[in-house]
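# Give me a 3D structure for the following:
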Amino acid sequence: QVQLVESGGGLVQAGGSLSLACVRSGRAGSPYTTGWFRQAPGKEREFIASIKWSGDSTYYADDSMKGRFAISRDNNKNAVYLRINSLKPEDTAVYYCAADVRRLWPLFEPTFFDYWGQGTQVTVSS
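Numbering: from 1, shown residues only. The predicted structure is shown next:
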């Protein structure tokens, strides 16, 4: 079994930055393709970005996401990170990471991810 644990969320003022982390534990194995999603109250889960298991490719939902969000990974630490800059109140959501054991690429559909973390809350005040 694979566990994913997100951390780094919190309350931040608009214009600030946050770095979220997703650490994998449990079943040992090769790195997985990992993605970040978010879900705001009353809205559907939204894809943000994913990073290939090898770390040499990234995929963002759109150019606006690519401009303020940055996904990275450190396979030595079994960790994937999401840096969010210039935070806006509309970024308020629960942020989730998810992993795909089949190492598909590119990957952005939530149904193709096998494991999910419990989420970390990000709240942006205006």
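# Okay, now the unreliable bits of this protein?
For the chain, no stretch is flagged by pLDDT under 70.
# which ones are touching the residue positioned nearest the centre of it?
Nearest residue to the geometric centre of the chain (C-alpha atoms, centre = their mean): W36, 2.3 Å. With contact taken as C-beta atoms under 8 Å, 6 or more residues apart in numbering, W36 is in contact with 20, 22, 48-50, 69, 71, 80, 82, 95-98. Quick note: C-beta positions are derived from backbone N, CA and C, even for glycine.
# what kind of secondary structure is the spatially closest residue to Y60 that is not a sequence neighbour in?
In space, and not counting its chain neighbours, Y60 is closest to K66: 4.0 Å by C-beta to C-beta, 6 or more residues apart in numbering. At K66, secondary structure determined by DSSP: H, G, I helix; E, B strand; the rest coil is helix.
# S50 falls within a helix, correct?
No - read with three-state DSSP, S50 is strand and lies in no helix.
# quick one: the helices in this structure?
Along the chain, the stretches classed as helices by DSSP state H are 63-68.
# Now flag whichever of the contacts of W36 is closest to Y60.
Of all the contacts of W36, Y60 sits closest to A49, with 4.7 Å by C-beta to C-beta.
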